[in-house]
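Engineer: next comes the sequence, and after it the predicted model I'd like to discuss.
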Amino acid sequence: MKRLALTVAISATLVTPALMTPAFGATIKLGLLLGFTGPLDSVAPTMLSAAELAVKEINDSGLLLDGSKLELVKADSTCIDANVAVTAADKVVTADHVDGIVGAMCSGASSAILQKVAIPNNVVMISPSATSPALSTIEDNGLFFRVSPSDARQGEVVAQMMYDRGIRSAALTYTNNDYGKGLSDSIQTNFKKLGGTITISAAHEDGKADYTADVAALAAAGGEILVVVGYPDQGGKGILQAAVDADAFGKFVLPDGLAVDSLMNVMGNSLNGSFGTLPGFGPNADKFKEIAAANGFKIGPYTGESYDDVALFALAMQAAKSSNSADYKDKIFEVANAPGTQIGPGELAKGLKILAEGGDVDYVGASSVELIGPGESAGNFRLIEVKDGKVVTVGGQAG
Amino acid sequence: MENLLNAVVLAANYLVIPATTYGCQIALGALGVTLIFSVLRFSNFAHGEMMSFGTMITIFTVWGLQAAGISIQPLSTALLALPVSIAATIAVTLLTDRWVYRFYRVRRVEPIIMVIVSAGLMFFFSGLTRFVIGPEDRNFDDGVRFIISAREFKERTGLAEGMSFRTTQAATIIVAVACVALLFWFLERTRTGKTMRAYADNEDLALLSGIDPEKVVMLAWTIAASLAAIAGTLYGMDKSYKPFVYQELLMPIFAAAIAGGFGNPLGAIAGGFLVAFSEVALTYPYKRLVSYLVPPSWQPDGLLQFLATDYKYAISFFILIIVLFTRPTGLLGKRSA
């Protein structure tokens, strides 16, 4: 007991001075809620790096609200358990007193956090990567935004692309969650509207040991092509691999950035002739790729969006001259859209300076941010095709 | 005649070959689990993470070998790296036993405590592998992918259906058969193996006969760790290595071990194939297969699928429940006393 008391005393003396060091300017905390564990744990790290990069850039400039510093409070939204996500969000809001939430990563977690934490506590949320169409119509008191486009839009683009290439029947498989269901429904509806047929629409589970049975079912239903709505390091890849190995389908539709480098390195040539979309790849994507490389991380899904997410918070706070959600929530549209000086990735200091001097900015960022309707990205899609094992851009489609 | 051949090839391509490979992978895992159960008398939840750890070592060794320019093309470098991985997994497992399990064993704690300890270690190792190698998906198989690909098969035979047979599938089946044969020879024929069986059968009697329990325990861990490293590496070669998937692998492995009768090596193998074949066969749509075998006028309209693939996960549990209801000690388990 004595020893315990002593330990407490020692740690108290060690900790207190650090707590009492006066900070230059205030510290503005942002909650960062990503699925650090669970089925998407492999996507979270690059998103984290991008968000941290934006924070570093803003803090190095020293221009945010008279030298305030941004600080990220990380929490795990898991992507699989909405209750855990809500608890994590509740902790960062009520215990850490964050002024905004970067997140959540997945659609299910985002809507749960919005309803149970963000609205009751009046905190702004900007999701970098939630794409479910359901989030467009959700009641949000003007607190929810996303830098990612709704899948309703992408489904249209994908369906049109399939139809334009003369495809009239296709099998479809999607990852069994809000995101997969939303995007596949949208593709299916739009493709049918154009006059095409979906022979089968089957869900697949992520993180499974074997996908032969799934592919067998898809193959039995038939179709000219297989549409795969899934993750490139999960079931999406498992399905593609099994389908190629069994020669069940010759070509695939790869929507929503399924055709990433890591997948191409493994199966590039066997996907020749397949096509799809890459979202969030506007004109600045290459520039951001260089910036990321210089800072030691690679571009993955929604990396640029995560950077833009933090940037939007900082710019909106700067424009409102306040880090209070109630004050800056109305400024998010203003800084994201025209009119104003266009701000690209790596130019956050410039943006903060213009706003401080009373000017206006139009944040373009890494993912060509343009907010529409209920506060979501209009979406930029590159139409891509796999040729000789490499992803080639064959066209663009702005939202 | 050609229709019949097409049907056979189709069934081989989608049912027999994939299910056999998958069955071997599960069986190797289930053997390790069942072995630990029979000797140490608890369910080792950390087994999936041992597989994960072993695979991680394989990957590091493969990278090292590749950097040094050593390869055994057309075979995968991973096979060359396997001994290193087995050695490392054995070392780590023995250390874990020394530092963690032994503490509880000498106190003769209830089996449930051991189970919880193993669950704790599962979380520890799952964190460790993610910390060291990261959560990303990794492909480390650099061998020639196909012995025969589906397209090649079609061109050569002129049949409408193709059949593919991957190098990794062949490697899996061959290595699995070799491991099982070796294990059974060891358990049935060698003195040490018999000691182990005696200890598993009746601990007190074995102790009275002068068997050193610590030796038996160490041996059991050594074998379980080797099996884990081999099973993990084979699975990773065939599919890919992603820590999350290895975590999920635990479920079919336990279903197989339990269905086969916990503590029975033969049962673990039977259980592995039972789980794999039912997962594949129950969710396979038989439309195309049937269409080759019946006259055109009898062509089926539906997919002829027993269960949608969404229910694949449920199948392992379903088998488990049926087996536990009808034969509580497992398919090949001992009659309950």
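Structural biologist: Received, thanks. Residues are numbered from 1 along each chain as shown, chains lettered A, B, ... in the order given.
Engineer: show me where pLDDT drops low in the chain?
Structural biologist: Using chain A. Low-confidence regions of chain A, defined by pLDDT under 70, span residues A:1-25, A:257, A:268, A:280-281, A:397-399.
Engineer: chain B was what I was after
Structural biologist: Of all residues in chain B, those with pLDDT under 70 make up the ranges B:331-337.
Engineer: just how off-centre is the longest helix along chain B within its chain?
Structural biologist: Selection of the longest helix in chain B by residue count, based on DSSP state H, yields helix B:213-238. Average the C-alpha atoms of helix B:213-238, do the same for its chain, and the two points are 11 Å apart (C-alpha atoms, centre = their mean, to the nearest Å).
Engineer: which residue packs closest to residue 207, ignoring adjacent ones?
Structural biologist: Picked chain A for this. Leaving out its chain neighbours, the residue that sits closest to residue A:207 by C-beta to C-beta, 6 or more residues apart in numbering or on different chains is residue B:248, at 4.6 Å. (Each C-beta comes from the backbone N, C-alpha and C, glycine too.)
Engineer: that's the wrong chain, I meant chain B
Structural biologist: In space, and not counting its chain neighbours, residue B:207 is closest to residue B:213: 6.4 Å by C-beta to C-beta, 6+ apart.
Engineer: would you mind measuring from the one you found to residue B:40?
Structural biologist: In this structure, residue B:213 and residue B:40 are 10 Å apart, going by C-beta to C-beta, to the nearest Å.
Engineer: those two: which is more packed in?
Structural biologist: Set side by side, residue B:213 and residue B:40 show unequal neighbour counts under other C-beta atoms under 10 Å in any protein chain shown, the larger going to residue B:40 at 22 against 13.
Engineer: ok, that one - contacts?
Structural biologist: If a contact means C-beta atoms under 8 Å, 6 or more residues apart in numbering or on different chains, then residue B:40 has B:101, B:105, B:114, B:217, B:220 as its contacts.
Engineer: quick check: the first one touching residue B:117?
Structural biologist: Yes - because the distance of 6.7 Å satisfies C-beta atoms under 8 Å, residue B:101 is recorded as touching residue B:117.
Engineer: check which element follows the longest helix of chain B along the chain.
Structural biologist: Scanning forward in sequence from helix B:213-238 by DSSP states H and E, the next helix or strand is helix B:243-259.
Engineer: show me what that following helix is packed against.
Structural biologist: Taking 3 or more C-beta pairs under 8 Å, 6 or more residues apart in numbering or on different chains; DSSP states H and E as the contact definition, the neighbouring helices and strands of helix B:243-259 are helix B:17-40, helix B:47-67, helix B:111-133, helix B:213-238, helix B:265-283, helix B:312-326.
Engineer: and it with helix B:213-238, angle?
Structural biologist: Using axes from the mean of the first three to the mean of the last three C-alpha atoms, to 10 degrees, the direction of helix B:243-259 lies 120 degrees away from that of helix B:213-238.
Engineer: CA atoms only for helix B:243-259 - export them in PDB, please.
Structural biologist: Coordinates of the C-alpha atoms in helix B:243-259 are reproduced here as PDB (Å, rounded to 0.1, in the frame of the first residue of the first chain):
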ATOM      1  CA  PRO B 243      -3.800 -10.900 -40.100                       C
ATOM      2  CA  PHE B 244      -7.500 -10.300 -40.000                       C
ATOM      3  CA  VAL B 245      -8.300 -13.300 -42.100                       C
ATOM      4  CA  TYR B 246      -6.100 -15.500 -39.900                       C
ATOM      5  CA  GLN B 247      -8.000 -14.400 -36.900                       C
ATOM      6  CA  GLU B 248     -11.200 -15.500 -38.700                       C
ATOM      7  CA  LEU B 249      -9.700 -18.900 -39.700                       C
ATOM      8  CA  LEU B 250     -10.000 -20.000 -36.100                       C
ATOM      9  CA  MET B 251     -13.800 -20.600 -36.500                       C
ATOM     10  CA  PRO B 252     -13.800 -23.300 -39.200                       C
ATOM     11  CA  ILE B 253     -10.700 -24.800 -37.500                       C
ATOM     12  CA  PHE B 254     -12.600 -25.200 -34.200                       C
ATOM     13  CA  ALA B 255     -15.700 -26.400 -35.900                       C
ATOM     14  CA  ALA B 256     -13.600 -29.100 -37.500                       C
ATOM     15  CA  ALA B 257     -11.800 -30.100 -34.300                       C
ATOM     16  CA  ILE B 258     -15.100 -30.300 -32.300                       C
ATOM     17  CA  ALA B 259     -17.000 -32.000 -35.100                       C
END
